[in-house]
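# Model the structure of this input:
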Amino acid sequence: MPPPEPTSDLTFVEPTPVVGGVQLRLKPAADASVSSTLIGNIDVWQVEGKNSIPPEAVGKSTMSMDYTVTVSSVEAGKVLLAFDSSPLKLTGKAQGEWQQLGGQKGEVRFDDRGALLEDPSSLFEGLFGAGMVMYPESPIGPGSTWSSSNTRDMPPFGPVKVDEKFVYRGKEDVNGVSVHRIDSTATGSLEGMTMTATYYVRDDGLPFAATIKTKASAPIAVQDDGTQVWAGFTVDVEIKPKKG
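Purely as a prediction, here's the structure:
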């Protein structure tokens, strides 16, 4: 059976085409792979004016995992990427409240512009797709801008509308590799949601490194009487090439 269509209402604004510019595409070789380390810092707080989490649930945590992305198939403008992660390591407040999760495996399908063709079904699939960027059809150069607006499934919050703006900065050397840098800012339908990010992508469109900071508040649980329980959070994520 074909994968389910993503929960999406995508609107995409193309940049002004640049003559002789770069046309980014997700076009990896059939045997391509990328090994990465993901490190995250999480800060959870009470939301003023809401029925919020108790004080003992407030705190800071870190998470980390290694994962490898491997190209499973490339056909007709579609790319199936598989991921295989180490166990998620947690420290700080979350260590005592979240179940220690083992390594994860899965597959996520994209088109050749880097757009998801199916919603992630787990937190791990969402983290795996965090370093991906949707590329424009038009050739671009340093200073080119484009934007997208769509609804993404973001476990555990469900569908979240995200409006994102991108700026292409050109090529930079990162850990001895020449990669494309793309900066972005975004807002979303979660209360107070903002995101800033810098993505580094390879010539074949695969993610190489990224830094992403997200801030928002949202209901995370429901009490027996149906009252929602809110929490605020800031998540800083760094994705970098795995050493060794």
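# From now on I want contacts and neighbour counts done on CA atoms only, so please keep to that.
OK.
# buried stuff in stretch 202-214?
The neighbour-count check on stretch 202-214 (16 or more other C-alpha atoms under 10 Å) flags 202-203, 205-214 as buried.
# er, stretch 163-181 actually
Buried residues in stretch 163-181, counted by 16+ other C-alpha under 10 Å: 163-171, 179-181.
# quick one, what contacts residue 197?
Contacts here follow C-alpha atoms under 8 Å, 6 or more residues apart in numbering; on that basis residue 197 touches 183-185, 210-213.
# picking that back up, in CSV: the buried residues of stretch 163-181, plus pLDDT.
Output for the buried residues of stretch 163-181, formatted as CSV (pLDDT from 0 to 100):
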residue, pLDDT
163, 93
164, 93
165, 96
166, 96
167, 97
168, 98
169, 98
170, 98
171, 97
179, 97
180, 98
181, 98
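# Narrow those residues to those in strands?
Among these, DSSP state E puts 163-171, 179-181 in strands.
# which one of those residues sits closest to residue 242?
The shortest gap between residue 242 and any of these belongs to residue 179, at 15.9 Å (C-alpha to C-alpha).
# Could you report the separation of that closest one from residue 77?
For residue 179, the distance to residue 77 equals 22 Å [C-alpha to C-alpha, to the nearest Å].
# quick one, helices of the protein?
Along the chain, counting by DSSP state H, helices occupy 123-128.
# What is the nearest of the buried residues of stretch 202-214 to residue 152?
The closest of the buried residues of stretch 202-214 to residue 152 turns out to be residue 214 (C-alpha to C-alpha; 14.7 Å).
# Setting the sequence-adjacent residues aside, check what's closest to the closest one.
Nearest non-adjacent residue to residue 214, counting by C-alpha to C-alpha, 6 or more residues apart in numbering: residue 195, 4.4 Å away.
# In contact with that neighbour, which residues?
Going by C-alpha under 8 Å, 6+ apart, residue 195 touches 185-187, 212-215.
# at 6 Å what do you get?
Applying C-alpha atoms under 6 Å, 6 or more residues apart in numbering to residue 195 gives the contacts 185-186, 213-214.
# circling back to that earlier point, could you work out the most separated pair of the contacts of residue 197?
Across these, the longest distance by C-alpha to C-alpha is 13.3 Å; it joins 185 and 210.
# any low-confidence regions in this structure?
Applying pLDDT under 70 to the chain picks out residues 1-9, 94-101, 119-130, 155, 244.
# those strands in it, which residues are they?
According to DSSP E, the chain carries its strands in the segments 11-13, 33-45, 59-75, 78-85, 89-92, 105-111, 145-154, 158-174, 177-188, 191-201, 207-222, 228-241.
# Make JSON lines out of the ones you listed and add distance to residue 53.
Formatted as JSON lines, the strands of the chain follow (distance: least, C-alpha to C-alpha, whole Å):
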{"stretch": "strand 11-13", "distance to residue 53": "35"}
{"stretch": "strand 33-45", "distance to residue 53": "8"}
{"stretch": "strand 59-75", "distance to residue 53": "11"}
{"stretch": "strand 78-85", "distance to residue 53": "31"}
{"stretch": "strand 89-92", "distance to residue 53": "17"}
{"stretch": "strand 105-111", "distance to residue 53": "32"}
{"stretch": "strand 145-154", "distance to residue 53": "21"}
{"stretch": "strand 158-174", "distance to residue 53": "19"}
{"stretch": "strand 177-188", "distance to residue 53": "22"}
{"stretch": "strand 191-201", "distance to residue 53": "16"}
{"stretch": "strand 207-222", "distance to residue 53": "9"}
{"stretch": "strand 228-241", "distance to residue 53": "6"}
